[in-house]
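In: Please find the sequence and the predicted model below.
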Amino acid sequence: MSLRSAGLGEPYDVIVIGAGLSGMYQLHRLRELGLSVRVFEAGDDVGGTWYWNRYPGARFDSESWTYGYSFSDEILREWEWSEHFAAQPETLRYCNFVADKLDLRRDIEFDCRIKAAAYDEAAGQWEVESEDGRRARARFLITAIGPLSAPTMPTIPGVESFRGEAYHTGTWPHRPVSFAGKRVAVIGTGATGVQAITEIAKTVGHLTVFQRTPNWCAPLHNSPIDPADQARIKARYPEIFETCRNSFGCFIHDADPRNALEVSSEEREAFFEQRYREPGFGIWMGNFRDVLINRDANATISDFMRRKIRERVRDPKIAEKLIPTNHGFGTRRVPLESGYYEVFNQDNVRLVDLRETPIERITPAGVRTTGAEHAVDMIVYATGFDAITGAFDRIEFRGIAGRRLRDKWAEGPRTYLGLQIEGFPNLFTLVGPHNAATFCNIPRCIEQNVDWVTALIRHMREKGHTRVEPTAEAEREWTQHVLDTGRRMLFTQVDSWMMGINSNVAGKQKRTFIVYAGGAPKYREKCDEVAAAAYVGFTFG
Ligand code: NA7
């Protein structure tokens, strides 16, 4: 295959959509192959999630030192995280540091949101078109569009009528926003809402939290990284990444080998207490191995967490409202918090339970529920994202014979390895549906995705192939495997974004298997087997 380089009007070898962590690394790897690459990015700089989500309180729930890229010793040596769980501004600085170091920006076109991508079979090329009419072509198209990048506003009547300040957390303004002396409403209590509420409560005049479904939140226990810690972390990077590599979600935490119901109640309680006192996701990812699979085991940790909420919230009636009743601990994404429950002990904070008094409409003056009109100066929408498939739905992908991806995925995604789609040759979907990266300490899985795709493109070049597409059978088998693996997990029996539910998006009310729940090690093994078997399941042309 002779891949043409991109001269004036010439097609590129590869187009990448998105300059977040996936797109940045993919660009770097493809450059190493000597390919011409163009990255199109909707924002005016790099960073993806960390570029858009500038809301107050935004920070890692992964340990900072497990989150950064692992591929460059130089970056690992030079970059220093200041906290064990870095805040968004620092992570965005990190993205910029990497972009500068690797001189990435010269191949990235910013302020360019892609709205359509079509495969031209005769030419063997993808053509993309941006919202402002720019077009470009390439042999390969790689989506690096992020799993949580399509923010959704609530479909509550009157949203446009509000006369005060209004922000969605996922498109937070670049200028500072002050809460001092203001009456602020926050709608939504997912991982984002929990972080934002805790931070806003520190300076707000009066805060009203509108909660539809409480989540089980656990302490983050963040702290600064002192020089001794810094030295230890730097010396241990290979070991740290090896631990992540072998754990289910590529976190530093992995399940305890024991079952919850195997040990005495005293031992269980002591173990939960220890996990609750430790930083990070240990209580979720490092718990007894059966708590996310077995209902009885799950009941033990849910009971523990229930008691913690009751201990921390002074008003017993408020505490009960904050306790989830429709799902067990860990079956939805666990928000990590730094004083969230104590916010509800403040005199200037009010919790409105939308199960008792649903929102009727947003009015020019605030939020009207069936119980009262809440006059506010600002509404913060922490209402989440059209997860994983949402970013794909926002681009009109057309494959062979003009077939629309949205139609193909009408009943749920169908993919091979969460990386390719039958009928859409030469399209690779980093962190796409059915890919282990959707349930992962994400840069760890991003590196695996990117390295794998890069190796496949290199393989094609060596063999003289110009076209790759999975077989219908390989796609069917992988999709079935995704469904089978997911069924044993309790989270598939609960409504959440991980199951493709979004009450604000038409057609997203039915649970759909959009994530891969088999764990990153198993996924990586499968990807490696496929590569070792001359990319079995793919056809080349
Ligand atoms: P989530 O976890 O999807 O949370 C969205 C929240 O907004 C959740 O509490 C929703 O309640 C609530 N919501 C959504 N629509 C409405 C309406 N119409 N009325 C009232 N409340 C509503 O998104 P996050 O941004 O918090 O987190 C997403 C991920 O980003 C997170 O897991 C991290 O990995 C990063 P519901 O639960 O649907 O009743």
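Out: Perfect, thanks for sending it.
In: dump the residue contacts of the closest residue to the ligand within the stretch 51-200 of the chain.
Out: Residue of the stretch 51-200 of the chain nearest the ligand, by CB to the nearest ligand atom: Gly190 (2.3 Å). (Glycine included, C-beta is placed from N, CA and C.) If a contact means CB atoms under 8 Å, 6 or more residues apart in numbering, then Gly190 has 215, 333, 335, 382, 384, 497 as its contacts.
In: Which of those residues ranks first by neighbour count?
Out: Among the contacts of Gly190, Gly384 has the most neighbours (other CB atoms under 10 Å), with 27 neighbours.
In: How about the residues of the chain by the ligand?
Out: Residues of the chain lying close to the ligand (CB under 6 Å from any ligand atom) are 148, 154, 156, 187-193, 212-213, 333, 354, 359, 382-385, 497, 503-504.
In: at 5 Å instead, please
Out: With the criterion set to CB under 5 Å from any ligand atom, the chain comes near the ligand through 148, 154, 188-192, 212-213, 333, 383-384, 497.
In: Go through the residues you listed and flag which are in helices.
Out: 191-192 (DSSP state H).
In: from the residues of the chain next to the ligand, which is closest to Leu27?
Out: Of all those, the one with the least separation from Leu27 (CB to CB) is Leu148, at 21.2 Å.
In: Skip the chain neighbours and tell me the closest residue to the closest one.
Out: Using CB to CB, 6 or more residues apart in numbering and skipping the chain neighbours, the partner closest in space to Leu148 is Phe385 (4.3 Å).
In: Okay, and the beta partners of that neighbour?
Out: When bridges are assigned using DSSP bridges, the partners listed for Phe385 are Pro151.
In: Does it touch Met153 like I think?
Out: No: the pair Phe385 / Met153 is not scored as a contact, 10.9 Å apart, by CB atoms under 8 Å.
In: Comparing the two, which shows the higher neighbour count?
Out: Neighbour totals were compared for Phe385 and Met153, and Phe385 leads with 22 against 16 (other CB under 10 Å).
In: can you tell me which residues contact that one?
Out: Taking CB under 8 Å, 6+ apart as the definition of contact, the neighbours of Phe385 are 148-152, 170, 497, 502.
In: Give me the buried positions along the longest helix along the chain.
Out: If you go by DSSP H, the chain has its longest helix at helix 442-463. Along helix 442-463, these residues count as buried under the neighbour rule (16 or more other CB atoms under 10 Å): 442-450, 452-457, 459-461.
In: Just put the contacts of Gly190 in a markdown table and tack on pLDDT and distance to Arg314.
Out: Rendered in a markdown table, the data for the contacts of Gly190 read as follows (pLDDT from 0 to 100; distance: CB to CB, whole Å):
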| residue | pLDDT | distance to Arg314 |
| --- | --- | --- |
| Asn215 | 98 | 20 |
| Arg333 | 97 | 27 |
| Pro335 | 98 | 21 |
| Ala382 | 98 | 24 |
| Gly384 | 98 | 29 |
| Trp497 | 96 | 31 |
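In: quick one, what contacts the residue of the stretch 251-400 of the chain found nearest the ligand?
Out: The stretch 251-400 of the chain approaches the ligand most closely through Gly384 (2.7 Å), counting by CB to the nearest ligand atom. Under the criterion of CB under 8 Å, 6+ apart, the contact partners of Gly384 comprise 148, 151-152, 188, 190, 192, 497, 502.
In: Who are the contact partners of Thr492?
Out: In this structure, Thr492 makes contact with 486, 499, 511, 513, 517, judged by CB under 8 Å, 6+ apart.
In: Out of those residues, flag the one nearest to Arg403.
Out: Ranked by distance to Arg403 (CB to CB), the contacts of Thr492 are led by Phe513 at 21.8 Å.
In: Turn the contacts of Thr492 into TSV, including distance to Glu32, secondary structure and pLDDT.
Out: As requested, these are arranged in TSV below (distance: CB to CB, whole Å; DSSP: H, G, I helix; E, B strand; the rest coil; pLDDT from 0 to 100):
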residue	distance to Glu32	secondary structure	pLDDT
Gly486	35	helix	92
Met499	38	helix	95
Arg511	41	coil	96
Phe513	35	coil	93
Ala517	33	coil	94
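In: and the two most separated of those residues?
Out: The largest separation in the contacts of Thr492, counting by CB to CB, is between Arg511 and Ala517 at 12.8 Å.
In: more crowded one of these two?
Out: Taking neighbours as other CB under 10 Å, Arg511 and Ala517 compare with Ala517 leading, 24 against 17.
In: that older thread, just the ones of the contacts of Gly190 in strands?
Out: In this view, the contacts of Gly190 have no member that belongs to strands under DSSP state E.
In: what's the single longest strand in the chain?
Out: Longest strand in the chain, counting by DSSP E: strand 135-143.
In: Let me have that one in CSV, keeping just the CA atoms, if that works.
Out: Coordinates of each C-alpha in strand 135-143 appear next as CSV, following Å, rounded to 0.1, in the frame of the first residue of the first chain:
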residue,chain,number,x,y,z
ARG,A,135,-14.2,18.9,4.2
ALA,A,136,-11.3,16.5,4.2
ARG,A,137,-10.6,13.0,3.1
ALA,A,138,-8.5,10.1,4.4
ARG,A,139,-8.1,6.4,3.9
PHE,A,140,-8.6,5.7,7.6
LEU,A,141,-11.0,7.5,10.0
ILE,A,142,-10.5,7.1,13.8
THR,A,143,-13.0,8.4,16.2
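In: Each with direction, which strands does that strand pair with?
Out: Under the criterion DSSP bridges, the sheet neighbours of strand 135-143 are strand 12-17 (parallel), strand 125-130 (antiparallel), strand 427-429 (parallel).
In: Let me have those in CSV, extended by distance to Ala118 and mean pLDDT.
Out: Converted to CSV, those look like this (distance: least, CB to CB, whole Å; pLDDT from 0 to 100):
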stretch, distance to Ala118, mean pLDDT
strand 12-17, 12, 98
strand 125-130, 5, 98
strand 427-429, 11, 98
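In: Mind putting these into TSV with mean neighbour count?
Out: Converted to TSV, those look like this (neighbours: other CB atoms under 10 Å):
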stretch	mean neighbour count
strand 12-17	26
strand 125-130	20
strand 427-429	25
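In: Ok, which of these comes nearest Glu74?
Out: Among these, the nearest to Glu74 by CB to CB is strand 12-17 (22.7 Å).
In: Report the angle between that closest one and helix 442-463.
Out: For strand 12-17 against helix 442-463, the angle by axes from the mean of the first three to the mean of the last three CA atoms, to 10 degrees is 160 degrees.
In: which secondary structure elements does the following helix or strand past strand 12-17 contact?
Out: Using DSSP states H and E, the next helix or strand after strand 12-17 towards the C-terminus is helix 21-32. Contact partners of helix 21-32 among helices and strands, from 3 or more CB pairs under 8 Å, 6 or more residues apart in numbering; DSSP states H and E: strand 12-17, strand 37-40, helix 88-101, helix 442-463.
In: Mind checking those for the one nearest to Ser72?
Out: When these are compared for distance to Ser72 using CB to CB, the nearest one is helix 88-101, at 7.9 Å.
In: Could I get the buried residue list for that closest one?
Out: Within helix 88-101, the residues that count as buried by 16+ other CB under 10 Å are 88, 91-92, 94-96, 98-99.
In: now the residues you listed in a markdown table, with distance to Glu267?
Out: Listed next are the buried residues of helix 88-101 as a markdown table, based on distance: CB to CB, whole Å:
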| residue | distance to Glu267 |
| --- | --- |
| Gln88 | 39 |
| Thr91 | 38 |
| Leu92 | 43 |
| Tyr94 | 40 |
| Cys95 | 43 |
| Asn96 | 47 |
| Val98 | 44 |
| Ala99 | 49 |
